[in-house]
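>>> next input, structure requested:
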Amino acid sequence: MAEKIFIFDTTLRDGEQSPGCSMNLDEKLEMARQLDRLGVDILEAGFPIASQGDFEAVRAISAEIRRPVIAALARASELDVDRAWEALKEAARPRIHTFLATSDIHLKYKLRKTREQVLKQIRSAVGHAASLCGDVEFSPEDAGRTERSYLLECCHAAIEAGATVLNLPDTVGYCLENEYEQMFAEVKARVPGMERVTLSTHTHDDLGLAAANTLAGIRGGARQVECTINGIGERAGNAALEEIVMAIHLRRDALPVYTDIRTEELFASSQLLTRLTGVAVQRNKAIVGRNAFAHEAGIHQDGVLKNATTYEIMTPQTVGMPSNDIVLGKHSGRHALAKRFEDLGYPLTKPELERAYELFCQVADRKKQVYDEDLLAIVNEGFDHIPDTFTLKLFQSVSSSEGRSTATVELEKEGEVFHDSATAEGPCDAAFRAIDRITGTPGTISDFSVHTVGPGTDGVAEVAIRARFDRREFTGKSTSHSVVEAAARAYLQAANKATYALRRLADKQAAAAASAQPELAVHRLYPSGY
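Numbers count the residues shown, from 1 in each chain. Down below sits the predicted model:
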C-alpha cells in the first residue's frame, strides 16, 4: 500500500537565505497563503531569533495559516527555543525545529566542542523544546559527513529527549545517492525508538544531486522531505519541491508513495516567488521553467503535434502551465512551420510551404528564434517591413514617491490623432496601458530587457520587448535617453505588428466565410515569375 510523503516547505526559511531572495512580512504572508493553497504539510516560516522581522513573520503566519503545521527554526539553545516558541504559540499546529552540527569538521572548526558536549546539548535543547511543544524536530547538521556510529548516538539522544521528527541533512550537498539512502536505512534499523519518529530528508544541490538524493532518502525510509519552491536556498540551493513532487506523481511504479500536493498550483507558486523576490527561474528549469514544455527540434515538434506524449511525460496543465510552446528556430521542421502559418491565417499549399520553408531557414540561420512577425514578412513576399498602423506623436510620464505612475500618449493613425492616459504601478506599465487603450489590442509583457548603448552619461537606453497579443508573441526594440520612452516605442512597435497580423487574420477569415469555393484562396508567397 502506498505511503504518504509529508512535504516540509522551507522556502520562507532556508530558501530565503539565498542571496537576493529575502522577503518582508507582507511578502512572506502572501507566499505562505500560496503554499497553503499548494497543499504543503509543514511550512517552515522562519528563524525567529535571527531578527525581529523574522519573529514577526513567524508570528503572523502562525496566526493566519491554520491548516499546515507551522515550524520555526532554533539553534540548540534555550534562548533560541524560547524565542521560537514565543513566535509559534498561537499556531494551530506548531513545531519547534532545533538543530546542532554533528560532523567532526563542524565540531572542530565551528563549535570547538567535544562529541560528549554536543550529545549533552542535544538532550538539553530537544528536552526543553519538548516541554513547550508536542511536535519537535531535530536535525544533526551535516549528518551526511558525520561518522556513522556517532550519528546513531545523536539520533538516539534526540529521540530519548522527546523528538518526534529526525531530519538527516546533506548540508553541503556532498552525498551520493547510495550513501544518502544507506544512511537512512541504518538509522531506521539501528536506532532504538525509531517507531515513534518520522525520518526526514534535507538536501542541497552543490553537486546537482539534491532531488535525486531526496528520492534516495525516501527509498531508505524517509517519509518527510524538506524542499523549496524553485529550489532556492543556500549556495546552489535546496531540493526543488516541484521536481520531487512530480517525480513521485509520475513514477509511482518505482516509488510506491504519494503526496497531497495540488500539482496544478506548482507553476503559480513558482511565478509568485519569482515576482516577490525578483529572482527569475532559469529557462531550462525542470517542471516550471519557460522551456520545460517548449519544443524547437523538428523531430520533437512533429511528434508533439501528432501526440504530445511522444515527447512530454506530463501535460503543462498538470503543473498549472497554460500550454506547451512550439518554438520556431533553425531546428524546426515543415510540420511546425505549416501549423504556425495556419494559426496566423495562412493555410499553405505544398509548393508554398516549400518556398516558405526555404525563406524561413534563411531567417532562422540569422536569428536564435523566429517570431510571428518574421513569418508575416515571409508570407508578404519576403518584405522585411511591416507597416506601422500607429505612430507616436507625443509621450509624457509622471511618477510619484507613492509608487503610482501616469503616462499620456498621442498616437497618429492615417492622419487622425488619438490621445489617452493611464495610471499603473510603474511608468512603463502606465505607458503600455495607455497605448493599449488607443490601439484596442491589449498585450502582456513576456520579456523585457534594457541595455546601455554608448559610454557614460552620453549612453542611451536600448529596450527590447517581447509581448503577447491574443496568444501570439511579437517583438519591439527602440532606443532613447529615457528608458520609459524607449520602452513605450518598443511596445508600440510590437503592438503595430500585432495589429497588422490580427487584421490580416480577420481578412482571411472574412474571405473564407464569403467564398463559395471548396478550397480557400491562399495569399501567394512570392511574386509571379519567381
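>>> now tell me what touches the helix or strand where Ala464 lies from outside.
If you go by DSSP states H and E, Ala464 is part of strand 460-469. Residues outside strand 460-469 that contact it (Cβ atoms under 8 Å, 6 or more residues apart in numbering): 371, 441-454, 473-483, 486-487, 489-491, 493-495, 498, 502. Every residue, glycine included, has its C-beta placed from N, CA and C.
>>> okay, that strand in PDB with CA atoms only?
Taking C-alpha atoms only, strand 460-469 is exported to PDB below (Å, rounded to 0.1, in the frame of the first residue of the first chain):
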ATOM      1  CA  VAL A 460      21.200  55.800 -24.400                       C
ATOM      2  CA  ALA A 461      18.900  53.000 -23.300                       C
ATOM      3  CA  GLU A 462      18.100  50.300 -25.700                       C
ATOM      4  CA  VAL A 463      14.900  48.500 -24.700                       C
ATOM      5  CA  ALA A 464      13.900  45.100 -26.200                       C
ATOM      6  CA  ILE A 465      10.400  43.800 -25.600                       C
ATOM      7  CA  ARG A 466       8.500  40.600 -26.400                       C
ATOM      8  CA  ALA A 467       4.800  40.900 -25.800                       C
ATOM      9  CA  ARG A 468       1.900  38.500 -26.200                       C
ATOM     10  CA  PHE A 469      -1.200  39.700 -28.100                       C
END
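>>> who does that strand pair up with?
strand 444-453 (antiparallel), strand 472-480 (antiparallel) (DSSP bridges).
>>> so which of those strands is the most packed in?
Mean neighbours per residue, mean count of other Cβ atoms under 10 Å, is largest over the strands paired with strand 460-469 for strand 472-480, with a mean of 20.
>>> and the helix or strand just after that strand, what does it pack onto?
Sequence order places helix 483-514 as the next helix or strand after strand 472-480, per DSSP H and E. Counting contacts by 3 or more Cβ pairs under 8 Å, 6 or more residues apart in numbering; DSSP states H and E, helix 483-514 packs against helix 372-379, strand 391-399, strand 405-413, helix 427-439, strand 444-453, strand 460-469, strand 472-480.
>>> for Val76, what are its contacts?
To be clear, residue 76 is Ala; Val isn't right here. 98-100, 121-122, 124-126.
>>> how does it look with 7 Å?
Going by Cβ atoms under 7 Å, 6 or more residues apart in numbering, Ala76 touches 98-100, 121-122, 125.
>>> read off the pLDDT value for Cys154.
We have a pLDDT of 98 for Cys154.
>>> which other residues reach the helix or strand encompassing it?
Per DSSP H and E: Cys154 is located in helix 148-161. Residues from elsewhere that reach helix 148-161 (Cβ under 7 Å, 6+ apart): 102, 115, 119, 122-123, 126-127, 130, 138, 140, 143, 166, 186-187, 190-193, 196-197.
>>> any idea how far Ala511 lies from Ser103?
74 Å (Cβ to Cβ, to the nearest Å).
>>> these two: who's more crowded?
Relative neighbour count places Ser103 above the other of Ala511 and Ser103, with 22 against 13, counting by other Cβ atoms under 10 Å.
>>> who wins for proximity to Val245 among the helices and strands packed on helix 483-514?
Val245 lies closest, by Cβ to Cβ, to one member of the helices and strands packed on helix 483-514: strand 444-453, at 26.0 Å.
>>> convert the C-alpha atoms of that closest one to CSV, please.
Taking C-alpha atoms only, strand 444-453 is exported to CSV below (Å, rounded to 0.1, in the frame of the first residue of the first chain):
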residue,chain,number,x,y,z
THR,A,444,1.1,41.3,-21.8
ILE,A,445,4.9,41.5,-21.5
SER,A,446,6.6,38.2,-21.7
ASP,A,447,10.2,39.5,-21.8
PHE,A,448,11.7,42.9,-21.1
SER,A,449,15.4,43.8,-21.3
VAL,A,450,17.3,47.1,-21.1
HIS,A,451,20.9,47.7,-22.3
THR,A,452,23.0,50.8,-22.3
VAL,A,453,24.4,51.8,-25.7
